[in-house]
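Colleague: Predicted model and sequence below, questions to follow.
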Amino acid sequence: MILPEDLQCLKEIALKGGLKGPVWVSSQSLGSALGTSPQTASRRLQSLERQHHLSRSVNPDGQYVTVTRSGEEILRHEYADYSRVFGNGRDEFILQGTVVSGIGEGRYYMSLAPYVQQFSEKIGFAPYPGTLNIRLEPSSLQVRKRLQYSTYLCSLHAVIEKVTHTFLPSLDLLHVKQWLTDPLMHHPSAHGCDGMIECSQQ
């Protein structure tokens, strides 16, 4: 069983690119990233090396470290646990609310001939000219945010991988994903939720 402080250090090395190959770190820089002293950071590296979770090449001004296969497995297990906690891959979400009248925008757009034609071609039927509006119960608001964010992440990750591998292969994909998928900084649902869902009906 890996200690929590060792796991934090292993994760930081992986975020720096240590899963792909050797990355340079100093005790000072690593300690700053972990919120500890350089001496404590150095002990964490030594502990991980003793457990064969990373390999090191020490130089006077720092060291090159690489996450080993064993360390990668530790991180994969951690990822799997958090995926279960946050419902990654969950098949269903339960939402409760009340059907309410909208303002008619959905009816207008869903009645436009080009939209009707494309719906008929893509999904095989002409949709109802309007939307089903549901005012969610307060207890369902957080569920809606998780559902919306889960869908957002799936779409965003696919776009990030395609664009990065095609146009920006030198970028660290892990860091790009971490920055772009921060729900407190970049996701619209983090800035408020009106509790309304609109669904096209057949």
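Modeller: Ah, there it is.
Colleague: Can you report how many residues lie near the residue nearest to Phe86 when sequence neighbours are not counted?
Modeller: Of all residues not flanking Phe86 in the chain, Arg146 sits nearest, at 7.6 Å (CB to CB, 6 or more residues apart in numbering). Any C-beta I mention is one placed from the backbone N, CA and C, and that applies to glycine too. Per other CB atoms under 10 Å, the neighbour tally for Arg146 reads 15.
Colleague: what does Thr131 give?
Modeller: By other CB under 10 Å, neighbour count at Thr131 equals 19.
Colleague: Got the phi and psi for the spatially closest residue to it that is not a sequence neighbour?
Modeller: For Thr131, ignoring the flanking residues on the chain, the nearest one in space by CB to CB, 6+ apart is Gly106 at 3.4 Å. Backbone geometry at Gly106, expressed as degrees, to the nearest 10, gives phi -60, psi -40.
Colleague: just checking, Gly106 touches Gly130?
Modeller: Yes. Using CB atoms under 8 Å, Gly106 is in contact with Gly130, at 5.0 Å.
Colleague: who does Gly97 bridge with?
Modeller: Residues in a beta bridge with Gly97, per DSSP bridges, are Leu136.
Colleague: what's the spacing between it and His77?
Modeller: For Gly97, the distance to His77 equals 38 Å [CB to CB, to the nearest Å].
Colleague: Could you check which of those two is surrounded by more residues?
Modeller: Taking neighbours as other CB under 10 Å, Gly97 and His77 compare with Gly97 leading, 18 against 10.
Colleague: Report pLDDT for that one.
Modeller: pLDDT for Gly97: 87.
Colleague: Tell me how far it lies from Gln142.
Modeller: As judged by CB to CB, Gly97 and Gln142 stand 13 Å apart.
Colleague: Same question for Lys122.
Modeller: 32 Å.
Colleague: Secondary structure element for Val99, which one?
Modeller: Here Val99 sits within strand 97-100, counting by DSSP states H and E.
Colleague: What helices and strands are in contact with that strand?
Modeller: Applying 3 or more CB pairs under 8 Å, 6 or more residues apart in numbering; DSSP states H and E, one finds that strand 97-100 contacts strand 131-136.
Colleague: What are the buried residues along the strand it packs on?
Modeller: Thr131, Asn133, Ile134, Leu136 (16 or more other CB atoms under 10 Å).
Colleague: Quick check: the last one touching Val99?
Modeller: No. Counting by CB under 8 Å, no contact exists between Leu136 and Val99, whose distance comes to 11.2 Å.
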